[in-house]
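**Q** Here is a sequence with its predicted model. Questions after.
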Amino acid sequence: MKNFLLNNVSLDSLTTLLSQAPVALAMLMGEDQVVEIANKQILDLWGKDTNVIGLPILEAIPEIRDQEFPRILKNVYNTGIAYKGNSVLAMLMKDGVLTDSYFDFIYSPVFFEGKITGVSVVATDVTDKVLSEKKLQESEIRFKELMEISDYSTAIYLGEDLIIDFANDQMIKTWGKDRSVIGKKLEEALPELKGQPFIDILKNIFATGIPYTAKEDKVDLVVDGVLQTFYYNFSYKPLYDAQGKIYAIMNVAVDVTELVNAKNLSQAKEDEYRNLAEAMPQMVWKTDAEGKVEYCNEQMLNLLTPEEKRDQDFSFMKIIHPEDAFKLSKVWNESCVNQKGFEIEYRIFDAGKQEYRWFLTRALPVLKNGEVLKWIGTSTDINEFKNLVTQKDTFLGIASHELKTPLTSLKLYAQVLERMLKKTGDEKNAEFAKKMDLQVVKLTSLVGDLLDVTKINSGKIHLNESDFDFEKLVLENAEELQMSTLHKIKLNTENVGAVFADRERISQVITNLISNAIKYSPDAVEILVDIKNDGNFAIFTVQDFGIGMPEDKKARVFEQYYRVSGDEQNTFPGLGLGLYIAAQIVERSNGKIWVESTLGKGSTFCFSLPLVDRKIN
């Protein structure tokens, strides 16, 4: 075959054959590596044209003089040993610009009659591939740099053996290990994972390609030499190579142990309070800022029918007594505006007992950044108490009526007895009769208060309203009371105009407030009474310099039977009804009543009544 080629294949035929080859080929002949043959593909790679054929390689491609190629060619020519290069950089002049190119090539010796006569060149341009790989490497480097500085724990596991190829400091810290784990199998680096599901999950991803994510997943890790439980939000995502095959899995994790522990503690507390709420005999409930019920205990649910329990949009206002609904809405709206708690009594329909029952509801707002976030409250069944109060009021009403007649007679007998004794000259016993008369007056006043309370509570108190001169009424009451006290009643009045109310009842209020001022300032020598016109209201004020009251007691002094507690409570007699009656009379006359007080420095009681435009002659 060799002799046949030498005798029958001409150089021209060989040149033609090589020029038509689909790969880049060249023949460099002689010691100077003259370009004897070069097909179009290799000329394109060199960035040259056919003018280089017949020139030594260093003249044809002078830019390679200082590169490694002349040395390699010379070595192949001298030794006859072929050379294979992969992705080798060559700097070639193309279009007047020195350009970096990369080649896979083979330099092989050419023999003729047993002697090396030249070197054959076969080359492939792999510039695009090399640059792509470089970009990929650079991208991976940047990616790993980003992962390294990330706040998230990140690791990459190679192959189905799950070799730890990368783990940032956060992940190393998470594992409780050091960097010696890099390059190890995951199950060897973290033997405590045995019996936990993570290794199987990772291997399944290699089989299926399906990513895996978890939230607040439990994992046991040996950290600081102790097996501890942690919770993580994490993901396993497959990484694919250029052929679309999974070659690794990236693991990103966030430690949420503190959050989970806090949630578990919060849930435990919530369960504890919920159990406490369910154990309470009172109804316990929680609403949003608008009043929609978010939670209520079983005691509250027991009031509802099965249909009402299933109604997602059920409103408890539907089972409030119609007469109480308006009052409840008013108190609720005022509390929302003032962002303060409230206390109110109203009736709720009990579906089980088929009746309305009285409940006392107390509620407090939960505030956040100055806004009402929710309401929390309790409702206590006071139906039996209300029934007892009704029975008590009925009894007191009857007793008061029955007592009025004998008391009137007793007062008359005391007065007659006093006059008779004085006529006989028995001044000592006459004084006893007078004192008896005073005690009868006090008893009559107490009976009157009880009767008023029963009328107020039953809604039967009647006001005989008319226009009257407010200043004149105050002066009359002050003059009358001055006659029975050593305190100086100092008046500062003006003609404020007329009010429309029950004159006798307002007189009762004025007398009560002035009498209280005298009673609760025993060491003072005077009280101050003032009336003024603020444009729309007549305002009455009485100021004493007595015992006063603490701040937290002021809101309760107008409650029924309430008396300020403390060392002074046994010093001043009374049922605690006077201020309650006064407040009810003023409020039913469309007025307002209030108190200002400082403990140890006295109190100022005030009430206002709306003025009328009509003049009183």
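**A** Now that the structure is in, tell me what you want to look at. Quick caveat, the model's predicted, so the values are computed rather than measured. Numbers count the residues shown, from 1 in each chain.
**Q** Give me the distance between the closest residue to Lys422 other than its chain neighbours and Ser589.
**A** Spatial nearest neighbour of Lys422, chain neighbours left out: Ala430 (4.6 Å); criterion: CB to CB, 6 or more residues apart in numbering. Placement of C-beta: from N, CA and C, glycine included. Ala430 is 42 Å from Ser589, where distance means CB to CB, to the nearest Å.
**Q** coming back round to it: what is the burial count for the residue nearest to Lys422?
**A** Summarising burial for Ala430: neighbours were counted as other CB atoms under 10 Å, giving 18.
**Q** That one falls within a helix, correct?
**A** Yes: for Ala430, which was evaluated using DSSP: H, G, I helix; E, B strand; the rest coil, the result is membership in a helix.
**Q** Please shift the residue numbers so they start at 117 in all later answers.
**A** Sure, I'll start counting at 117 from here, so that last one is Ala546.
**Q** ok, it touching Val532?
**A** No: taking CB atoms under 8 Å as the definition, Ala546 is not a contact partner of Val532, at 11.4 Å.
**Q** Could you look up the next helix or strand downstream of the strand or helix carrying Leu444?
**A** With elements delineated by DSSP states H and E, Leu444 resides in helix 438-454, which encompasses its position. Read in the C-terminal direction, the helix or strand following helix 438-454 is strand 458-466, with elements assigned using DSSP H and E.
**Q** packing partners for that following strand?
**A** Contact analysis of strand 458-466 by 3 or more CB pairs under 8 Å, 6 or more residues apart in numbering; DSSP states H and E lists helix 438-454, strand 471-484 as its packing neighbours.
**Q** got the angle for the shortest one vs strand 458-466?
**A** In this case it means strand 471-484. Between strand 471-484 and strand 458-466, the angle formed by their directions is 140 degrees, by axes from the mean of the first three to the mean of the last three CA atoms, to 10 degrees.
**Q** Show residues contacting strand 471-484.
**A** Around strand 471-484, the neighbours that count as contacts under CB atoms under 8 Å, 6 or more residues apart in numbering are 399, 437, 451-452, 455-466, 488-499, 501-502.
**Q** and if you look at the longest one?
**A** The contact list for helix 438-454 (CB under 8 Å, 6+ apart) reads 405, 407, 433, 436, 457-458, 460, 462-463, 479, 481, 488.
**Q** make it 10 Å
**A** With CB atoms under 10 Å, 6 or more residues apart in numbering as the test, helix 438-454 has contacts from 403, 405-407, 432-437, 456-464, 472, 474-475, 477, 479-481, 488, 491.
**Q** And Leu512, what's its pLDDT?
**A** In this model, Leu512 is scored at 57, pLDDT.
**Q** ok so, going back, which of the contacts of helix 438-454 are buried? Put it as a ChimeraX command.
**A** Remark: buried members of the contacts of helix 438-454, expressed as a ChimeraX selection using 16 or more other CB atoms under 10 Å:
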select :403,407,432,435,436,458,460,461,462,463,464,472,474,475,477,479,481,488,491
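**Q** quick one: contacts for the residue nearest to Lys538?
**A** Residues near Ala546 by CB under 10 Å, 6+ apart: 533-540.
**Q** do that again at 8 Å, thanks
**A** Contact partners of Ala546, counting by CB under 8 Å, 6+ apart, are 534, 537-538.
**Q** where in the stretch 117-266 of the chain is pLDDT low?
**A** Using pLDDT under 70 as the threshold, the predicted model of the stretch 117-266 of the chain has low-confidence ranges 117-138, 255-257, 259-265.
**Q** for the stretch 617-733 of the chain, same thing?
**A** Under the criterion pLDDT under 70, the flagged ranges of the stretch 617-733 of the chain are 676-692, 730-733.
**Q** How far off centre is the helix holding Leu444?
**A** 27 Å (CA atoms, centre = their mean, to the nearest Å).
**Q** Give the buried residues for that helix.
**A** 440, 444, 447-448, 451-452.
**Q** Please identify which of these is nearest to Thr609.
**A** Val447 (35.7 Å; CB to CB).
**Q** Now do that closest one, the pLDDT please.
**A** 88.
**Q** roughly how far apart are it and Lys456?
**A** 11 Å.
**Q** ok, now Lys446?
**A** 14 Å.
**Q** what's the answer for Asn202, then?
**A** The spacing between Asn202 and Lys456, counted by CB to CB, is 84 Å.
**Q** now do Leu174
**A** For Leu174, the distance to Lys456 (CB to CB) stands at 99 Å.
**Q** and if you look at Leu489?
**A** 15 Å.
**Q** and what of Glu500?
**A** 29 Å.
**Q** again, but for Gln659
**A** 27 Å.
**Q** likewise Ser382?
**A** With distances taken as CB to CB, Ser382 is found 27 Å from Lys456.
**Q** Kind regards, and thank you for your time.
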